[in-house]
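**Student:** okay, predicted coordinates and the sequence, questions at the end:
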Amino acid sequence: MDIQVAVLCDYAADYQGKLCVQGAFDTLFARQFPVIHPACALALRLCLTPEDSGDHKLGISIVDEDGVALDKERMPIVGDLKVALPEGASFLTRNLIMNFQGLRFEKVGTYAINITLDGELVSTTPLRLVMVQQGEQA
């Protein structure tokens, strides 16, 4: 499995097999902590080959610099990923979109969106949380 795209964004959609991403970002600014980010999405585009065929577990977790999950009760989020390529196909792409609402960040720092396949880390996407003072431009 090759992860071609793994990005946080304001909005994502799958439109006839095309991954549509709007407002990709890697930094959030806040005037105080903890801060709640109202809504965002994780957009993934996977390229699968015949070697990937079978049943897998795909996991997503957002962790802080110490590796502590943002939501210890709900993360990692794990789902079934069944891979079956059409006869004779050398690859297959799939878009996966996970919407998040009300993400609570306790402190400034670098966070990571970790993606696992069958328990093994296959991709990590960084996310910075930065404090700005009143009157500063983000």
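**Tutor:** That came through, no problem.

**Student:** name the element M75 belongs to?
**Tutor:** If you go by DSSP states H and E, M75 is not part of any helix or strand.

**Student:** now do the one 3 residues further on
**Tutor:** Secondary-structure element containing V78, defined by DSSP H and E: strand 77-83.

**Student:** give me the sheet partners of that strand and which way each runs.
**Tutor:** strand 54-63 (antiparallel) (DSSP bridges).

**Student:** just give me how far the partner strand sits from the chain centre.
**Tutor:** Here the centre of strand 54-63 is set off from its chain's centre by 10 Å, with C-alpha atoms, centre = their mean, to the nearest Å.

**Student:** got the contact list for the strand holding V78?
**Tutor:** 1, 48, 52-61, 92, 98, 117 (C-beta atoms under 8 Å, 6 or more residues apart in numbering). C-betas here are computed from N, CA, C, even on glycine.

**Student:** could you point out which element follows it?
**Tutor:** strand 92-105.

**Student:** for E65, what are phi and psi?
**Tutor:** When read as degrees, to the nearest 10, the backbone of E65 gives phi -60, psi -20.

**Student:** list the contacts of it.
**Tutor:** Taking C-beta under 8 Å, 6+ apart, we find E65 in contact with G109, T110, Y111.

**Student:** swap the cut-off to 10 Å and go again
**Tutor:** Contact analysis of E65 by C-beta atoms under 10 Å, 6 or more residues apart in numbering lists K107, V108, G109, T110, Y111, A112.

**Student:** ditto for D10
**Tutor:** V21, Q22, G23, A24, F25, A39, C40, A41.

**Student:** just those: which are in strands?
**Tutor:** Of the contacts of D10, the ones assigned to strands by DSSP state E are V21, Q22, G23, A24, F25, A39, C40, A41.

**Student:** rewinding a little: which one of the contacts of E65 is nearest Q16?
**Tutor:** Comparing those against Q16 with C-beta to C-beta places A112 closest, at 31.4 Å.

**Student:** and that closest one, what are its bridge partners?
**Tutor:** V63, P126.

**Student:** one step back: quick one: the strand holding V78 to strand 92-105, angle?
**Tutor:** 180 degrees (axes from the mean of the first three to the mean of the last three C-alpha atoms, to 10 degrees).
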